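J.: need coordinates for the below:
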Amino acid sequence: MAATELDPFEMPAGLAESVLDRARRAGCDHAELRVERIRSQAVALRDGEVETAADDTESGIGLRVLHDGSIGFAATVAHDAGAAVDLVDEALQVARVASRATGRRVELAAENPHGEVEWTSPHRTDPVLVPLSEKVSMLGDWSARVLDAAGIDHVSVSVLAVTEDKCYADLAGTVARQRRVRVHPRLEAVALGDGGDFETMRTLAPPVGRGWEYLEGDGWDWESELARLPGLLRDKLSSPSVTAGRYDLVIAPTNLWLTIHESIGHATELDRALGYEAAYAGTSFATPDRLGRLAYGSAALNVTGDRTAAHGLATVAIDDEGVEGQTFDLIRDGTLVGYQLDRAIAAATGMGRSNGCAFADSALHIPIQRMANVSLAPAEDEGPTTDELIRGVTRGIYVEGDKSWSIDMQRYNFQFTGQRFFAIENGRLAGQLRDVAYQATTTEFWGSLVAVGGASTYLLGGAFNCGKGQPGQVAPVSHGCPSALVSDVRILNAKEESGR
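T.: Have a look, this model is predicted:
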């Protein structure tokens, strides 16, 4: 493997001192400086031919200040000390304008300084340094293996790779240098049937905070999945369409992570619950007046926000406001007990300390409240296996893999599909089904959570591209969960619903 580490990324000598000293002399109550370099790659093949090969590096300097109760932000792609110091005056001017526009004072929740911090997400091989030829060779091999199988007509395969370097310094005395590495490999196959019929199926492997070793089998059994996928897709194409009705569902974490993201992750962002996202991404039914009282689900529902999980896409040592990464409760024994917070929201609502949920997707963007790794806890002790959950179902469906979804602006009414659906009859899998979609309200669905699997069923799912904010930003985030049994869920026949 012809790959080495990227050159160490450091704050230019004296830059932080010059900028922060200027901010202090200007009377800023808080100032935070970020110097970033983000290298992003995308490689994609269709039917074995290269379709996309992109390699982009973005770098810059961003400064946020709090002055006289108002926030100001400025950024530049220049890297010299003079341009960085000039950001102080630009940010102060923005703060003055913002003060007149908003008419309210902003405070930030207190956070003790953390001194000098160095952190790197755990990985062996930086994925952006693997030569393009090696990436194309591996993806081409995957594509050929699946495309050569009987009944497979087309194959698309891709990998996204990101290495994000961030140097942070603030007036309180926290100085952090962090490197986050992440990859997202994916293969999708297409099988054509008679009369224009077709089916697709994707691999189930989630994006992760790992290096290139993930594609080589560290953290996922690619050999097994690529070998099984063609047969599963052929069977899916000839499988019966589901009969609409109510079924018990056993949901694998490769599907359930997305339901958690949409119905819990977004709903427990306090800025959204307070209406700050209403113009773009909606609000939340889980409003602050219901904290400590809302029955979100059954007693089996225990959900945390976590910025410390190994290989989590939202895992950091220090967030973009200088807050230490931490783990915190959102739902305990089925009851809403917490929210995701940044420092301004924590101060404005009297919630105490921020739980470290500030992030900007670029040095050129201001940090906003973003989602932690929001995860459903597995059962205590060993807990049931997925097979044991299935054996407890008389009539149901086993669900794997995410696909399409829809949810309303309050994160309450939703509908999800998946990659693979298997009928459950008297505790055993009885072949695949097509055209399955499950529909519920958030509290109805989680209130019907009968059991969660043990630690052996737990997996981190997630996405590279959770969107939020105006102007829009994207953030990577993971959601861990075990397999779960949810009773009496409404199942739609998606083909019938579409009128086809």
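J.: per-residue confidence for Asp488?
T.: The model reports Asp488 with a pLDDT of 98.
J.: tell me the secondary structure for it?
T.: strand (DSSP: H, G, I helix; E, B strand; the rest coil).
J.: tell me where this structure has helices.
T.: Assigned by DSSP state H, the chain shows helices spanning 15-25, 81-102, 132-147, 222-237, 253-260, 270-273, 343-349, 386-391, 442-447, 494-498.
J.: okay, and for the protein, where does confidence drop off?
T.: Under the criterion pLDDT under 70, the flagged ranges of the chain are 1-8.
J.: just to revisit the earlier point, could you dump the helices of the chain to CSV with distance to Ala430 and mean neighbour count?
T.: To be clear about C-beta, it is placed using only N, CA and C from the backbone, and glycine gets the same treatment. Compiled in CSV, the helices of the chain are given as follows (distance: least, CB to CB, whole Å; neighbours: other CB atoms under 10 Å):
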stretch, distance to Ala430, mean neighbour count
helix 15-25, 63, 18
helix 81-102, 60, 17
helix 132-147, 26, 17
helix 222-237, 12, 17
helix 253-260, 19, 25
helix 270-273, 41, 25
helix 343-349, 49, 21
helix 386-391, 11, 19
helix 442-447, 24, 20
helix 494-498, 20, 14
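J.: tabulate those helices (a markdown table), appending distance to Gly245.
T.: As requested, the helices of the chain are exported to a markdown table (distance: least, CB to CB, whole Å):
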| stretch | distance to Gly245 |
| --- | --- |
| helix 15-25 | 62 |
| helix 81-102 | 52 |
| helix 132-147 | 34 |
| helix 222-237 | 20 |
| helix 253-260 | 19 |
| helix 270-273 | 34 |
| helix 343-349 | 43 |
| helix 386-391 | 19 |
| helix 442-447 | 16 |
| helix 494-498 | 12 |
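J.: any idea how the protein splits into domains?
T.: 15-237, 245-498 (automatic domain parsing).
J.: which of those domains sits most buried?
T.: domain 245-498 (a mean of 20; mean count of other CB atoms under 10 Å).
J.: possible to save the domains of the chain as a markdown table with distance to Phe9?
T.: Listed next are the domains of the chain as a markdown table, based on distance: least, CB to CB, whole Å:
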| stretch | distance to Phe9 |
| --- | --- |
| domain 15-237 | 4 |
| domain 245-498 | 12 |
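J.: quick one, what contacts the nearest residue to Ala346 once chain neighbours are set aside?
T.: Excluding the flanking residues, the one nearest Ala346 by CB to CB, 6 or more residues apart in numbering is Ala109, at 3.9 Å. Contacts were defined as CB atoms under 8 Å, 6 or more residues apart in numbering; by that measure Ala109 touches Leu341, Arg343, Ala344, Ala346, Ala347, Met351, Gly352, Arg353, Ser354.
J.: same deal with Phe198?
T.: Val190, Ala191, Leu192, Leu237.
J.: how about Asp381?
T.: With contact set as CB under 8 Å, 6+ apart, Asp381 has these partners: Gly454.
J.: now do Ala363
T.: Neighbours of Ala363 in contact, by CB under 8 Å, 6+ apart: Arg34, Val35, Glu36, Glu58, Ser59, Gly60, Ile61, Gly62, Ala75.
J.: coming back round to it: restricted to strands, list the contacts of Phe198.
T.: Val190, Ala191, Leu192 (DSSP state E).
J.: the first one against Val155, yeah?
T.: Yes: with the criterion set as CB atoms under 8 Å, Val190 and Val155 qualify as a contacting pair; they are 7.4 Å apart.
J.: of the ones in strands among the contacts of Phe198, just say which sits nearest to Gly467.
T.: Comparing the ones in strands among the contacts of Phe198 against Gly467 with CB to CB places Val190 closest, at 27.2 Å.
J.: now that closest one. Nearest residue, chain neighbours left out?
T.: Spatially, and ignoring its direct neighbours in sequence, Val190 is nearest to His154 (4.1 Å; CB to CB, 6+ apart).
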